[in-house]
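Student: Okay, sequence plus prediction incoming.
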Protein chains: 2
Amino acid sequence: MNHIDTKERILDAAEHLFARDGFHRTSLRAITGEARVNLAAVHYHFGSKEALLDAIFERRLDPMNRSRRESLEALVESARRKGERPAVRDALRAFILPALSLAEGGGGDFMTLVGRTFAEPDDALRGLFMSRMQPLFLLLFETVAEALPALSRETLFGRLQFALGAMGHTMCRRGRFSILPEGISPTGDPAAQAEALIHFVAAGLEAP
Amino acid sequence: MNHIDTKERILDAAEHLFARDGFHRTSLRAITGEARVNLAAVHYHFGSKEALLDAIFERRLDPMNRSRRESLEALVESARRKGERPAVRDALRAFILPALSLAEGGGGDFMTLVGRTFAEPDDALRGLFMSRMQPLFLLLFETVAEALPALSRETLFGRLQFALGAMGHTMCRRGRFSILPEGISPTGDPAAQAEALIHFVAAGLEAP
DNA sequence: GTCTATACGATGATAGAC
DNA sequence: GTCTATCATCGTATAGAC
């Protein structure tokens, strides 16, 4: 009867260790050790190490993306009612703020894991993440296309790739900077950093 | 007497396979198989799988970064002589064009590997790359700081992180797009894509 | 249905013969 | 310098206890 506890304990331990050490460097034995379950429980409940990662995504990403979708659709609808175009910044905010909320509400490990997986060299792992993100990326693309009708779809697509790269890298590093010029102590405020990111990306997308 | 050939053959095979399959998914046995050398030769010549990756970086990254450094220093010097400020776009070009040249001149595998490592979740691997890049990143920071004196150093540092994220992600993916909206067939011209990237990033850095 | 014990092939690393 | 042999550890698979 404690199979739910077992699954949740495995998910919690794996989320924490995958975020801290990366997928490939985390062994199933480390996960089952931290979760205090048997090694074979992972394969019984999830099937494989990769499927365990997928289950982590399912648990947190799907609800977060539903919230993002609702915000984006409300933004487009509201702009249409007023006969205006949606603002690029509002579209970016609808995409970024749910991630910020999750990160500040105890889901910091997960957001680090998301950023790492978006930048993942291993296409099999990246595919797990991207297949859940693709519909939302397409919606973001169409929303920004409405906001910036002067850009060709090809140009906008290229710029959105750059924008996602900047956003993914920011989420992935989450304040862990590798290079620090003399006298720089970066702000630790995630909300301010999110606004700076939105400002940067919006300027790039809106470039002539 | 063929130890030089052995080292070079291992480096070539490892560069190719690390770029194609990623570091963790490439086994030493696959590398030594392709290079047609004994498994233990890797540890004799390089010491470990990680040290092999580091040797790959040393072989290509150090010459490329010397070229970047010369371009950046020439840019700053030329602007000072004319009593002007360097242009953000020129600084970005000095940084990006050597990578583009290498990619188009047969070093495509290496540039893919660089992009992958910049986005690498494993801090040990990422550190190998970052320690070689740090001096150049600092020079890029100081150059852009001269180009944009109105920005505080904290603001500029944050924006440069976003910019490096966009650049790294672009190099990492190198035309392999995961999401393609209806009717989009992205340009395959690397030079045009590099200019679009410079345009995007410059707009973000120069935002008010 | 849940969970455990145990074993399998492959991996990175190492020691020592030549 | 090069090679063979060997090691601990990895993800995975399965048989069987409760």
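Tutor: That came through, no problem.

Student: Point out where chain A drops to low pLDDT.
Tutor: Applying pLDDT under 70 to chain A flags residues A:1-4.

Student: Return the residues of it in contact with DNA strand C.
Tutor: A:2-3, A:5-7, A:37-41, A:44-45 (CB under 7 Å from any atom of the strand). Every residue, glycine included, has its C-beta placed from N, CA and C.

Student: So how do I select the buried members of those residues in PyMOL?
Tutor: Under the burial definition 16 or more other CB atoms under 10 Å in any protein chain shown, those of the residues of chain A next to DNA strand C that qualify are selected in PyMOL by:
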select buried, chain A and resi 6+7+37+41+45
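
Student: before we move on, which element is A:H24 in?
Tutor: Under the criterion DSSP states H and E, no helix or strand holds A:H24.

Student: can you give me phi and psi for it?
Tutor: Main-chain dihedrals, A:H24, degrees, to the nearest 10: phi -70, psi -30.

Student: Leaving out chain neighbours, which residue sits closest to it?
Tutor: B:H24 (4.0 Å; CB to CB, 6 or more residues apart in numbering or on different chains).

Student: wait, what's in contact with the residue nearest to the spatial centre of chain A?
Tutor: Geometric centre of chain A, nearest residue: A:V114, 4.6 Å, by CA atoms, centre = their mean. Residues near A:V114 by CB atoms under 8 Å, 6 or more residues apart in numbering or on different chains: A:61, A:99, A:129, A:171.

Student: can you pick the most crowded of those residues?
Tutor: A:M171 (23 neighbours; other CB atoms under 10 Å in any protein chain shown).

Student: Make sure it is actually in contact with A:L100.
Tutor: No. Using CB atoms under 8 Å, A:M171 is not in contact with A:L100, being 9.4 Å away.

Student: Does A:G175 belong to a helix, a strand or coil?
Tutor: What DSSP: H, G, I helix; E, B strand; the rest coil gives for A:G175 is coil.

Student: ok, now how distant is it from B:G175?
Tutor: 31 Å (CB to CB, to the nearest Å).

Student: Kindly report the same for A:D21.
Tutor: Distance of A:D21 to B:G175, given as CB to CB: 31 Å.

Student: the more surrounded of those two?
Tutor: Counted by other CB under 10 Å, A:D21 and B:G175 do not tie: A:D21 has more neighbours, with 16 against 11.

Student: who are the neighbours in contact with the more buried one?
Tutor: B:D122.

Student: same question, the one 4 residues further on
Tutor: With contacts defined as CB under 8 Å, 6+ apart, the neighbours of A:R25 are B:24, B:122.

Student: What does it show for phi and psi?
Tutor: For A:R25, the backbone dihedrals (degrees, to the nearest 10) come out as phi -90, psi -10.
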